[in-house]
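Trainee: Structure of the sequence below:
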Amino acid sequence: MTKIARRGICLVLSAPSGAGKTAITEALLASEPLLERSVSVTTRAMRPNEIDGVHYHFITEAQFEQALREDALLEWARVLKGTHAYGSPRAPIEAALAAGRDVIFDIDWQGHQQLRQKLPDDVVGVFVLPPDLPTLESRLRGRGGDAPAEIARRMKVAQDEISHWAEFDHVVVNDDLPTAVASVRAILHAARSSRSRMPGLPAFIRGLV
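Mentor: Sure, this is the predicted structure:
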């Protein structure tokens with residue numbers, strides 16, 4: 001198999017809750033060997049079913065603040081002011097890109113903005129939309145456990161998130177999951193073949209001509 005040296009891609013999937021980005025992410029990770037998940041750092045406590053370094057890198061608040069001072073995070077956020085923080089560590093992501101591996105991110109539109117500011121030439125943003133709002137609400141209700149007031153709050157947040165669709169390179173409507181997965185896979189493969197991603201292309205071409 002012909003191999004041409006290339007730089008990896010930051011594939012960002014953003015969507016309102018219930019649109020299906022997690023399902024699309026898992027399907028791609030299961031079928032794309034050169035794609036890996038960005039494992040975030042967090043200051044919250046580890047839950048019983050979680051593994052450090054797999055689900056998150058669990059760090060202290062002091063370590064998080066030091067990472068911010070050292071510009072060691074490509075994007076970060078606090079869920080609420082004064083509460084637990086989350087962020088994407090710079091070093092493993094940049095190492096993966098340099099080695100020609102692609103990294104997938106499940107982050108919101110604000111994280112996408114920060115990531116694009118830090119790595120402007122490496123980000124491919126995909127916004128996943130539901131086919132309509134009733135379907136989105138039905139998916140949220142189908143998860144179970146949330147009171148009607150919480151469903152209403154999530155729907156309001158979803159509409160705010162949807163308003164940021166134009167900030168992304170691509171938009172995929174998840175009406176049918178296999179079709180949506182195929183669409184995002186096509187975006188990934190097209191981005192991989194972009195001339196700007198292949199620093200080894202000139203040497204390969206010289207071998208042909």
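
Trainee: so where do the strands sit in the protein?
Mentor: Taking DSSP state E as the criterion, the chain carries its strands at 10-14, 35-37, 41-42, 57-58, 73-78, 85-89, 102-106, 123-129, 170-173.

Trainee: buried sites along the second one?
Mentor: What it means is strand 35-37. Residues 35, 36 are the ones in strand 35-37 that count as buried (16 or more other C-beta atoms under 10 Å). C-beta: built from backbone N, CA, C; applies to glycine.

Trainee: list the contacts for the residue positioned nearest the centre of the chain?
Mentor: Compute the mean C-alpha point of the chain, and by C-alpha atoms, centre = their mean the closest residue is residue 105, 1.8 Å away. Residues near residue 105 by C-beta atoms under 8 Å, 6 or more residues apart in numbering: 10, 11, 12, 13, 38, 88, 111, 112, 115.

Trainee: how close does it get to residue 168?
Mentor: In this structure, residue 105 and residue 168 are 12 Å apart, going by C-beta to C-beta, to the nearest Å.

Trainee: Find residues that contact each of those two.
Mentor: The contact sets of residue 105 and residue 168 overlap at 12, 112 (C-beta under 8 Å, 6+ apart).

Trainee: one step back: which of the strands of the chain is buried the deepest?
Mentor: strand 10-14 (a mean of 25; mean count of other C-beta atoms under 10 Å).

Trainee: Now do that strand, average pLDDT.
Mentor: On average, the pLDDT along strand 10-14 is 98.

Trainee: swap in stretch 74-83?
Mentor: The pLDDT scores in stretch 74-83 average 83.

Trainee: Quick check: end-to-end length of it?
Mentor: 20 Å (C-alpha to C-alpha, to the nearest Å).

Trainee: mind listing the helices for this structure?
Mentor: Listed in chain order, the helices of the chain (DSSP state H) span 21-31, 61-69, 90-98, 109-118, 133-142, 148-162, 177-192, 201-208.

Trainee: Comparing those helices, which comes out most buried?
Mentor: helix 109-118 (a mean of 18).

Trainee: Determine the set of other helices and strands touching it.
Mentor: Packing contacts for helix 109-118, counted by 3 or more C-beta pairs under 8 Å, 6 or more residues apart in numbering; DSSP states H and E, involve strand 10-14, strand 73-78, strand 102-106, strand 123-129.
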